[in-house]
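Participant: Predicted model and sequence follow; I will ask about them next.
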Amino acid sequence: MIDERACVHPDARIGSGVSIGPFSLIEADVSIGAGCTIGPHVVVRSGTRLGEENQIYQFCSIGEDPQFAGYDHEPTTLSVGNRNIIREYVTLNRGSPAGTGRTIIGDDNFLMAYVHIAHDSLLGNHTIFANGASLAGHVEVGDFAILGGFTLVHQFCRLGAHCLTGIGTVCLKDVPPFVMANGSTAELYGINTRGLRRREFSEFTISSLKRAYKLLFRSGKELNAALDELEPHAIDCKEIQQLVDFTRSSHRGLIR
């Protein structure tokens with residue numbers, strides 16, 4: 001299932017049932033798990049680890065050097081989990097020596113055409129990146145986050161689980177979990193109610209998150225005071241605790 005016109009280094013580790021299309025390049029020190037499909041004209045660079053059943057479409061650049069000015073060919077890695085769909089012209093860079101040295105992508109993510117994931121970024125599971133969405137270095141994206149087309153995320157920002165960004169959103173600070181953000185620069189537009197219902201969150205949880213959102217982001221109260229007032233409600237709703245923990249751990253500051 002490896003096309004004779006593909007160039008696969010003999011030291012690459014190729015799992016069972018892997019398909020590699022014509023004119024693709026697989027370098028040494030690459031691991032490709034069972035059942036992966038690599039389309040034509042794909043480049044997979046040294047230091048890349050692919051899990052199982054990933055689909056990589058034509059013209060992708062997987063595990064290229066980090067776009068980091070101080071990079072001097074140090075060994076770094078890109079780790080991709082299982083069952084990810086990576087569409088045309090996606091670029092995934094390895095980590096950098098200035099960060100963790102690893103770029104990590106979880107399971108069941110859908111990266112549409114022209115998505116860029118820069119060095120030392122961390123993606124959770126079940127995320128969706130629409131066309132052209134891009135992460136600068138050291139960005140963290142939580143599970144089930146959805147990034148609208150051409151969303152841009154600044155270095156060291158975090159996007160919380162189940163958040164949603166609109167088309168062309170520019171994120172210069174952290175986006176809390178469960179919320180919708182839109183605009184350049186990004187502003188908050190409430191709880192991602194439709195997405196939470198689609199994922200079968202209870203109406204109690206959604207109502208609790210709406211009240212928490214109003215307290216944190218619409219009441220005009222100082223943030224720490226609002227968090228202190230909100231935290232007792234986390235006893236009955238773990239998602240409230242998740243929102244509180246994310247907010248308290250923010251180093252870059254929150255979109256408010």
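Facilitator: Great, that's in hand.

Participant: Which parts of the stretch 1-150 of the chain are helices?
Facilitator: Assigned by DSSP state H, counting those that start in this stretch, the helices in the stretch 1-150 of the chain number zero.

Participant: which stretches of it have low pLDDT?
Facilitator: Nowhere does the stretch 1-150 of the chain drop to pLDDT under 70.

Participant: Show me the helices in the stretch 151-256 of the chain, by range?
Facilitator: Using DSSP H, counting those that start in this stretch, helices in the stretch 151-256 of the chain cover 193-198, 203-217, 223-230, 238-248.

Participant: could those go into CSV alongside distance to D11, mean pLDDT and mean neighbour count?
Facilitator: Yep, even glycine has a C-beta here, placed from its N, CA and C like the rest. Output for those, formatted as CSV (distance: least, CB to CB, whole Å; pLDDT from 0 to 100; neighbours: other CB atoms under 10 Å):
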stretch, distance to D11, mean pLDDT, mean neighbour count
helix 193-198, 43, 97, 14
helix 203-217, 50, 96, 17
helix 223-230, 52, 93, 15
helix 238-248, 42, 95, 18
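
Participant: Out of the ones you listed, flag the one nearest C171.
Facilitator: helix 238-248 (14.3 Å; CB to CB).

Participant: Could you tell me which other helices and strands that closest one packs against?
Facilitator: helix 203-217, helix 223-230 (3 or more CB pairs under 8 Å, 6 or more residues apart in numbering; DSSP states H and E).

Participant: Output the ones you listed in JSON lines; the columns should cover distance to D65.
Facilitator: Shown next, in JSON lines, are the helices and strands packed on helix 238-248 (distance: least, CB to CB, whole Å):
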{"stretch": "helix 203-217", "distance to D65": "39"}
{"stretch": "helix 223-230", "distance to D65": "39"}
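
Participant: Of all those, which one is nearest A69?
Facilitator: helix 223-230 (34.3 Å).

Participant: Could you list the residues in contact with that closest one?
Facilitator: 212, 215-216, 219, 221, 240, 243-244, 247-248, 254, 256 (CB atoms under 8 Å, 6 or more residues apart in numbering).
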